[in-house]
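Peer 1: Return atomic coordinates for the entry below.
(chains A and B)
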Number of protein chains: 2
Amino acid sequence: MAVYTEVSLEDLESFLSSYDIGRALSYKGIAEGVENSNYLLHTDKGRYILTLYEKRVESQDLPFFLGLMDHLAQKGLKCPVPVHARDGASLRHLSGRPAAIVSFLDGMCITRPSGQHCEQVGINLARLHMAGQDYSGYRANNLGPAQWRPLFDQCGSCADDVAAGLSQTITRELDYLEGHWPFGLSQGVIHADLFPDNVFFIDNICSGLIDFYFACNDALAYDLAICINAWCFERGGELNATKARSLTQGYMSQNPLPKTDIEALPILCRGASLRFLLTRLYDWLNQVEGAMVKPKDPKEYLERLRFHQKASSSASYGLS
Amino acid sequence: MAVYTEVSLEDLESFLSSYDIGRALSYKGIAEGVENSNYLLHTDKGRYILTLYEKRVESQDLPFFLGLMDHLAQKGLKCPVPVHARDGASLRHLSGRPAAIVSFLDGMCITRPSGQHCEQVGINLARLHMAGQDYSGYRANNLGPAQWRPLFDQCGSCADDVAAGLSQTITRELDYLEGHWPFGLSQGVIHADLFPDNVFFIDNICSGLIDFYFACNDALAYDLAICINAWCFERGGELNATKARSLTQGYMSQNPLPKTDIEALPILCRGASLRFLLTRLYDWLNQVEGAMVKPKDPKEYLERLRFHQKASSSASYGLS
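Peer 2: Coordinates of the predicted model:
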């Protein structure tokens, strides 16, 4: 949860005067999104989310993200739609930060996903990939394999304070992944962060996807690997094979990936585990005083990594 | 800001099944209220605030607070109205905490109040006092003069770490207030915490008062003193006499207090300063790890106290 930048009513009203969305009736800082400040805004014309972009989100990337949401919404994907001001711009400034207003999306996050929820995630991830195919924007994945070793170097020697032997485990995994990372897989725009926090449901049906601020161009199957990690593991660290099958087969029902992509799933899952292990480790070791965000436990992703290291084929994830 | 207790969708849906307010379409943890966890809830029947009561709010006091809101709303005061479940109860349990749903109130907080805003606060404070006159509940002020010395004792010898000489200033003030505190003033239900965070405006007109969780029976003029401190001082620590006059005269236009009450304002303002100085000092010295709340600076209330110590009469606050 996070509201890093407080917006005064005076500043808000001045900001809204550039839009045609009516006058403000209420706005509340909401505990949603870790990277940015978000407000739920009611006007006499409707409900909106006002986002102020904080650290980590590069302002040069914002046109890619906002353009992507415009594009996906136009293709029929349920996602927040940027509101354009009267001058046509959706990206503006408020209280010293880049800021945008998007449409409000009904729906709620699931904390204990079932197989049905996982299937919904697979289906909607596939739809996102298909809708993104003709998006003209391009953004490299700045948390891809090439960035993992430098990220680990920044964590320094403190990894072993988090778990005994962690430093050696990461070093060996980096060596392996750098030597075996697959190239030539199907590419496209991926969400790259489709965790349960970012998928809304109403009556167990997906009502929308949010938080496109890690979206980038990368292997589609890598996005599926991220989702397997985020949705299909139980609290104790075990993969729930039923959920994995629901998720992967839900995906394939909409966007059947070629065999090469599927066969790469075990190593993609290892990479996806390492990516979140490293960013969580970094955040764990660099906790910001007063950021009002509790960092997530890196060790969860160490458990996932260990599972995938032993996975012999994509059959482990319900695909053959 | 605070969301101390996370509510899962599963728990929420089970909780809502006792009410007739439709099915949940969204709920967001909001950064409102320091003492409790608050969610803005949308259902297909409307908008609501769901509150889970946390530390500091005694559960035995909750029927007083909820009954008061029912009573005030029935008298026409703009405030959140508790929603009663099908069995008639407005106080229930959710995720291990006492919990209640109240109606959503449009309006926004002002960060830089003008004289007009202060007048609105005075008018609506008076209306609250009048509407509360025949409320049958009773709750003693557990942050009144008798509690100040024990509260200071709990801060121990650390006060001087916050400001040089603070410990002696507080001791002397306690001695003075205990010897001169006025009795026999007009009594009633007071809000006791009517800070800018708790007053909503639309187009500079007060649209409602919120957060009745400090409400209690005490001197009405003491509530006015709390508001003078909360609304009429500038950042540099000076009283803005125009705002004070607007606030007190706004109050008197609705609920003219007898002369004895008015004459007590200087000492009531000293008491109100000491009360917030002490609770802020306590919170400052007892910061809770991970509470995600930045404690407020106690020194602001030292400045106010010093102003009131020099005030010779209620004329300092725009009343004669």
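Peer 1: check contacts around A:Q133.
Peer 2: Counting by CB atoms under 8 Å, 6 or more residues apart in numbering or on different chains, A:Q133 touches A:188-189. Placement of C-beta: from N, CA and C, glycine included.
Peer 1: Show me where chain A has its helices.
Peer 2: Assigned by DSSP state H, chain A shows helices spanning A:9-16, A:62-74, A:115-132, A:145-155, A:159-162, A:166-180, A:220-231, A:241-254, A:259-263, A:265-285, A:299-309.
Peer 1: any chance of these in CSV, plus distance to chain B and mean pLDDT?
Peer 2: Below are the helices of chain A laid out as CSV (distance: least, CB to the nearest CB, whole Å; pLDDT from 0 to 100):
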stretch, distance to chain B, mean pLDDT
helix A:9-16, 5, 95
helix A:62-74, 18, 97
helix A:115-132, 10, 98
helix A:145-155, 22, 94
helix A:159-162, 18, 90
helix A:166-180, 24, 96
helix A:220-231, 15, 98
helix A:241-254, 16, 97
helix A:259-263, 32, 96
helix A:265-285, 14, 95
helix A:299-309, 17, 95
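Peer 1: Could you dump the ones you listed into a markdown table and include mean neighbour count?
Peer 2: Formatted as a markdown table, the helices of chain A follow (neighbours: other CB atoms under 10 Å in any protein chain shown):
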| stretch | mean neighbour count |
| --- | --- |
| helix A:9-16 | 15 |
| helix A:62-74 | 19 |
| helix A:115-132 | 22 |
| helix A:145-155 | 15 |
| helix A:159-162 | 16 |
| helix A:166-180 | 15 |
| helix A:220-231 | 26 |
| helix A:241-254 | 20 |
| helix A:259-263 | 16 |
| helix A:265-285 | 23 |
| helix A:299-309 | 19 |
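Peer 1: Ok, which of those helices comes nearest B:D175?
Peer 2: Evaluated over the helices of chain A, closeness to B:D175 peaks at helix A:9-16, with 41.9 Å, by CB to CB.
Peer 1: May I see the buried residues of stretch A:196-215?
Peer 2: Across stretch A:196-215, burial judged by 16 or more other CB atoms under 10 Å in any protein chain shown covers A:197-202, A:206-215.
Peer 1: can you check stretch A:309-318 too?
Peer 2: Going by 16+ other CB under 10 Å, stretch A:309-318 has these buried residues: A:309, A:311, A:314, A:316-318.
Peer 1: Pick out the most distant pair among those.
Peer 2: A:Q309 and A:G318 (18.6 Å).
Peer 1: Spell out for me which residue occupies the centre of chain A.
Peer 2: A:D193 (1.7 Å; CA atoms, centre = their mean).
Peer 1: Quickly list the domain ranges of chain A.
Peer 2: Listed by automatic domain parsing, the domain ranges of chain A are A:9-103, A:115-317.
Peer 1: where in the stretch 1-150 of chain A is pLDDT low?
Peer 2: For the stretch 1-150 of chain A, the stretches with pLDDT under 70 are A:1-3, A:33-34.
Peer 1: Okay, strands next: where are they in it?
Peer 2: Secondary structure of the stretch 1-150 of chain A (DSSP state E, counting those that start in this stretch): strands at A:24-30, A:37-43, A:46-52, A:92-94, A:97-103.
Peer 1: Could you report the neighbour count for the residue nearest to A:A230 when sequence neighbours are not counted?
Peer 2: In this structure, A:A230 finds its nearest non-sequential neighbour in A:F195, 4.5 Å apart by CB to CB, 6 or more residues apart in numbering or on different chains. For A:F195, the count of nearby residues is 17 (other CB atoms under 10 Å in any protein chain shown).
Peer 1: got the contact list for A:L125?
Peer 2: A:191, A:194, A:223-224, A:227, A:251.
Peer 1: Hmm, I typed the wrong one, I wanted A:L278.
Peer 2: In this structure, A:L278 makes contact with A:148, A:151-152, A:155, A:170, judged by CB under 8 Å, 6+ apart.
Peer 1: With A:L9 instead?
Peer 2: Contact analysis of A:L9 by CB under 8 Å, 6+ apart lists A:24, B:108-111, B:201.
Peer 1: And these, which two are furthest apart?
Peer 2: Taking CB to CB, no two of these sit farther apart than A:A24 and B:T111, at 13.9 Å.
Peer 1: Surely A:G76 is in contact with A:A131?
Peer 2: Yes - with contact defined as CB atoms under 8 Å, A:G76 counts as touching A:A131 (7.0 Å).
Peer 1: before we move on, the earlier item: now the helices of chain A as JSON lines including distance to A:Y53?
Peer 2: Compiled in JSON lines, these are given as follows (distance: least, CB to CB, whole Å):
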{"stretch": "helix A:9-16", "distance to A:Y53": "14"}
{"stretch": "helix A:62-74", "distance to A:Y53": "6"}
{"stretch": "helix A:115-132", "distance to A:Y53": "21"}
{"stretch": "helix A:145-155", "distance to A:Y53": "21"}
{"stretch": "helix A:159-162", "distance to A:Y53": "29"}
{"stretch": "helix A:166-180", "distance to A:Y53": "30"}
{"stretch": "helix A:220-231", "distance to A:Y53": "22"}
{"stretch": "helix A:241-254", "distance to A:Y53": "30"}
{"stretch": "helix A:259-263", "distance to A:Y53": "33"}
{"stretch": "helix A:265-285", "distance to A:Y53": "18"}
{"stretch": "helix A:299-309", "distance to A:Y53": "26"}
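Peer 1: that older thread, just the closest of the buried residues of stretch A:196-215 to A:L277, please.
Peer 2: Proximity of those to A:L277 (CB to CB) peaks at A:F214, which lies at 15.9 Å.
Peer 1: quick one: the closest one and A:D197, what's the gap?
Peer 2: As judged by CB to CB, to the nearest Å, A:F214 and A:D197 stand 12 Å apart.
Peer 1: How about A:C216?
Peer 2: Between A:C216 and A:D197 the distance, using CB to CB, works out to 19 Å.
Peer 1: same thing with A:I21?
Peer 2: The value you get for A:I21 to A:D197, if CB to CB is used, is 26 Å.
Peer 1: pLDDT score for A:G156?
Peer 2: A:G156 is assigned 76 on the pLDDT scale.
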